[in-house]
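*Asks:* Predicted coordinates and the sequence they were generated for:
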Amino acid sequence: MSFLLPKLTSKKEVDQVIKTTEDLVLVLRFGRDTDLVCMQLDEILSKTAHDVSKMATVYCVDSDSVPVYTQYFDIALIPATIFFFNGQHMKVDYGTPDHTKFIGSFKTKQDFIDLVEVIYLGAMKGKLMVRSPIDPQNITQYELLYQDI
């Protein structure tokens, strides 16, 4: 379903979208079009993109074509969904060690819609970090492993 979502294929395109998206949550899905979990997430994102169009815009980014951002956001697991608002990286407390990105696919369309709404409302109030409205049972659990520190 990623063919229904706009794609960003270079660092320049990603930079441009981050800089120019105003008063909307920017949703960047980092992953691969051939990965099964990415396809599952893309289906949810494409079906809800219209529902959240007044609050957010959604883009797919191939994690292999933009290694600068893949390294910067420490994307080791895909799909990874990252949120921005007016050029500012929005952090979300999912109850996991990493607040910078959502790893895996959302279980339901409503989980994604609720999260975008909370990020949008929090960002409009000037918050840089919000608490996730998603049920903790619907969030992929993982441990951070730091190598070569």
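*Replies:* Everything's here; your move. Please read these numbers as outputs of a predicted model, since none were measured by experiment.
*Asks:* For the longest helix seen in the chain, buried residues please.
*Replies:* Across the chain, the helix with the greatest residue count (assigned by DSSP state H) is helix 109-124. By 16 or more other CB atoms under 10 Å, the buried positions in helix 109-124 come out as 111-116, 118-120, 122-123. Using the backbone N, CA and C atoms, a C-beta is placed for each residue, glycine as well.
*Asks:* helices and strands around it, which ones?
*Replies:* Secondary-structure packing of helix 109-124 (3 or more CB pairs under 8 Å, 6 or more residues apart in numbering; DSSP states H and E): strand 25-31, helix 36-48, strand 80-85, strand 88-93, strand 129-131.
*Asks:* Identify the residue nearest the geometric centre of this structure.
*Replies:* When CA atoms, centre = their mean is applied to the chain, the residue found nearest the centroid is residue 81 (2.3 Å).
*Asks:* ok, so what distance separates that residue from residue 17?
*Replies:* 15 Å (CB to CB, to the nearest Å).
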